[in-house]
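> need a structure here:
(chains A and B)
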Amino acid sequence: MKLKCAIIDDDPVSVKVLSKHIQQDSNLELVVSYSDGESAINDIDNHKIDLIFLDVEMPKMSGLSFLSNREVHTPFIMISQKKQYSFDAFEFNSIDFLVKPISYDRFSVATEKVKKYVQAESHNHVKNDFKQKNIFVKVKRVWTKIDLSQVVFVKANNMFVTIQTNDNRYHVNISMKDLLKKLPEHNFKRIHRSYIVNINKIDQIDSEVAVVDQKTLPIGKSYLSDLILSLNLIK
Amino acid sequence: MIQIDEIKQFLNCDDQFLKELVAIYNHEISSFLDGYKNFVAKKDIDSIHQQAHKLLGTSKLLNTKVLTSVLEKLEIIQESELHQSSDHELIIKEQKALLEAFIA
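Numbers count the residues shown, from 1 in each chain, chains lettered A, B, ... in the order given. Model prediction:
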């Protein structure tokens, strides 16, 4: 799978060079570029970016302000003409620090580090997925444990979600998006804007519906391919 | 002036890409020159520093030593040194002409 990249840099020559480097690596794909941190901060979350190339000195909002103004969970590589910013790169946990002009060889060294980092993170994530067995939700002011293996599906309602387990139903004041982040990705998939399912509970699917614990739930077109990838289909 | 083979190897690129790069850079220099007199008149040192900084990376990449030297001065120029602005402008224009010749 290709890593989706974003460039944040005000220098069009530097952007062109980085774009070419990215294009030459079959594991990378340039999705978007911004000429300053301010434009990036307002838009970058719309693109599910895996790797950011971040220039330090830019007008409006510098790379350092960008990092200070938001929690950046996406791996990033800081770039600058000035070596003196390498310390800041270290402080902000940049995966590498590239000094302009950036050669293709040096670029490759940096992106190899990113690939190793992403692999390691993915490995840890899977490990954590298997470790996580419960979540706690507030029921009448009391934190109540829900065994995730008992969860059949989650349904969105207006202001809350309903978690349907084998024996119970819990109403929780959280968005589907935020709840999905709390659930182990390995076991839980969104199949519709109103439904998340425990994929271990799916009995049957076709292109439009999933039968989950004897209930028929709709599958949204945009969620189908991701769902199919997560199931162990033998054609 | 431009060490073509070295840069091509450095960037892992071909002639066409290098020409495109220089064309973009030339455009950036034109934009800088358009605003330069105004920055000097307003004694807007910060804008001169920023713009020179932005151009410096590529001048180093292209190994244009004269241009790099002027831009390095402009990147840290003080208000008291602005009387040299027309000399700097002239050198940048000469260097821009050389880059244009390269693209042609």
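
> and stretch A:53-65, how far out from the chain's middle?
Distance, stretch centre to chain centre, for stretch A:53-65: 23 Å (CA atoms, centre = their mean, to the nearest Å).

> Can I get it in PDB, CA atoms only?
Taking C-alpha atoms only, stretch A:53-65 is exported to PDB below (Å, rounded to 0.1, in the frame of the first residue of the first chain):
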ATOM      1  CA  PHE A  53       7.100  16.900   4.400                       C
ATOM      2  CA  LEU A  54       7.200  20.100   6.500                       C
ATOM      3  CA  ASP A  55       9.300  23.100   5.700                       C
ATOM      4  CA  VAL A  56      10.300  25.200   8.800                       C
ATOM      5  CA  GLU A  57      10.500  28.800   7.500                       C
ATOM      6  CA  MET A  58       7.300  29.800   5.700                       C
ATOM      7  CA  PRO A  59       5.100  33.000   5.700                       C
ATOM      8  CA  LYS A  60       1.800  33.200   7.700                       C
ATOM      9  CA  MET A  61       2.500  30.100   9.700                       C
ATOM     10  CA  SER A  62       5.900  28.400  10.000                       C
ATOM     11  CA  GLY A  63       6.400  24.700  10.300                       C
ATOM     12  CA  LEU A  64       7.200  25.000  14.000                       C
ATOM     13  CA  SER A  65       4.000  27.000  14.600                       C
END
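
> pLDDT (mean, whole number) over that stretch?
Across stretch A:53-65, pLDDT averages out at 88.

> Touching it from outside, list them.
With contact meaning CB atoms under 8 Å, 6 or more residues apart in numbering or on different chains, stretch A:53-65 is reached by A:5-11, A:14, A:18, A:35-39, A:41, A:66-67, A:69, A:76-82, A:85, A:88, A:92, A:94, A:98, B:50, B:53. Glycine gets a C-beta too; all of them are placed from N, C-alpha and C.

> go on, stretch A:7-25?
A:5, A:28-30, A:32-37, A:40, A:52-55, A:58-59, A:63, A:66, A:79, A:100-102, A:104, A:107-108, A:111, B:11-13, B:17, B:20-21, B:24-25, B:28, B:54, B:57-58, B:61.

> Close to chain A: what parts of chain B are there?
B:10-13, B:17, B:20-21, B:24-25, B:28, B:50, B:53-54, B:56-58, B:60-61 (CB under 8 Å from any CB of the partner chain).

> just the buried members of those?
Burial by neighbour count, judged by 16 or more other CB atoms under 10 Å in any protein chain shown, picks out B:10-11, B:13, B:17, B:21, B:24-25, B:28, B:50, B:53-54, B:56-58, B:60-61 from the residues of chain B next to chain A.

> So which of these belong to helices?
Applying DSSP state H to these, the entries found in helices are B:10-11, B:17, B:21, B:24-25, B:28, B:50, B:53-54, B:56-58, B:60-61.

> The residues you listed: which two are farthest apart?
B:17 and B:50 (26.9 Å; CB to CB).

> What segments of chain B are strands?
Remark: no strands are assigned in chain B by DSSP state E.

> pLDDT weak spots in it?
Applying pLDDT under 70 to chain B picks out residues B:1-2.

> again with chain A
Using pLDDT under 70, chain A drops low at A:71, A:123-131, A:235.

> domains for it, by residue range?
A:3-129, A:134-230 (automatic domain parsing).

> Now do the shortest one: distance from first to last residue.
I take that to be domain A:134-230. Separation of the first and last residues of domain A:134-230 by CA to CA, to the nearest Å is 21 Å.

> can you give me the offset of that domain from its chain's centre?
Worked out by CA atoms, centre = their mean, domain A:134-230 lies 19 Å from the chain centre.

> and chain A, which residues reach chain B?
Residues of chain A lying near chain B (CB under 8 Å from any CB): A:10-14, A:16-17, A:20-21, A:24, A:57, A:59, A:81, A:100-101, A:103-105.
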